[in-house]
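Asker: what shape does this take:
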Amino acid sequence: MNFLNISLGSAGEFYTRIIRLTEMKLLAVSEFDEFDRKHYEMENKLLALVKYLQIKQKDGSWDNRIHESNNNCPLLHNSI
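Answerer: Okay, the predicted model is just below:
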């Protein structure tokens, strides 16, 4: 869980750098728009995963084992 929160923070830091590159005209607005769309999608999926796992922890259904196939988490079946 800690790794996911660190990932969210890193994504936010990277996003601010992309904004600055765009402001400095080192990155085209069209490229920023594409990055912004992908960042928004990734961030929302990551937040949904964190929320999903927090619910699993609270209701006692948390499983620390890694399974070869897990069809119980719909978040794992969507690609960015």
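Asker: for the longest helix belonging to the chain, what is the average pLDDT?
Answerer: Longest among the helix segments of the chain by residue count, using DSSP state H, is helix 29-59. Helix 29-59 shows a mean pLDDT of 94 in the predicted model.
Asker: what is the burial count for Y52?
Answerer: Y52: 14 surrounding residues under other CB atoms under 10 Å. C-betas here are computed from N, CA, C, even on glycine.
Asker: picking up where we left off before, off-centre distance for the longest helix of the chain?
Answerer: With CA atoms, centre = their mean, to the nearest Å as the basis, helix 29-59 stands 4 Å off its chain's centre.
Asker: which elements pack onto that helix?
Answerer: Of the remaining helices and strands, those touching helix 29-59 by 3 or more CB pairs under 8 Å, 6 or more residues apart in numbering; DSSP states H and E are helix 2-23.
Asker: re earlier: give me the angle between the longest helix of the chain and helix 2-23.
Answerer: Angle between the axes of helix 29-59 and helix 2-23 is 160 degrees (criterion: axes from the mean of the first three to the mean of the last three CA atoms, to 10 degrees).
Asker: without its sequence neighbours, what residue ends up closest to V50?
Answerer: Beyond its immediate neighbours in the sequence, the residue positioned closest to V50 (CB to CB, 6 or more residues apart in numbering) is L4, lying 5.2 Å away.
Asker: and the one you found, what is it in contact with?
Answerer: By CB atoms under 8 Å, 6 or more residues apart in numbering, the residues touching L4 are L46, L49, V50, L53.
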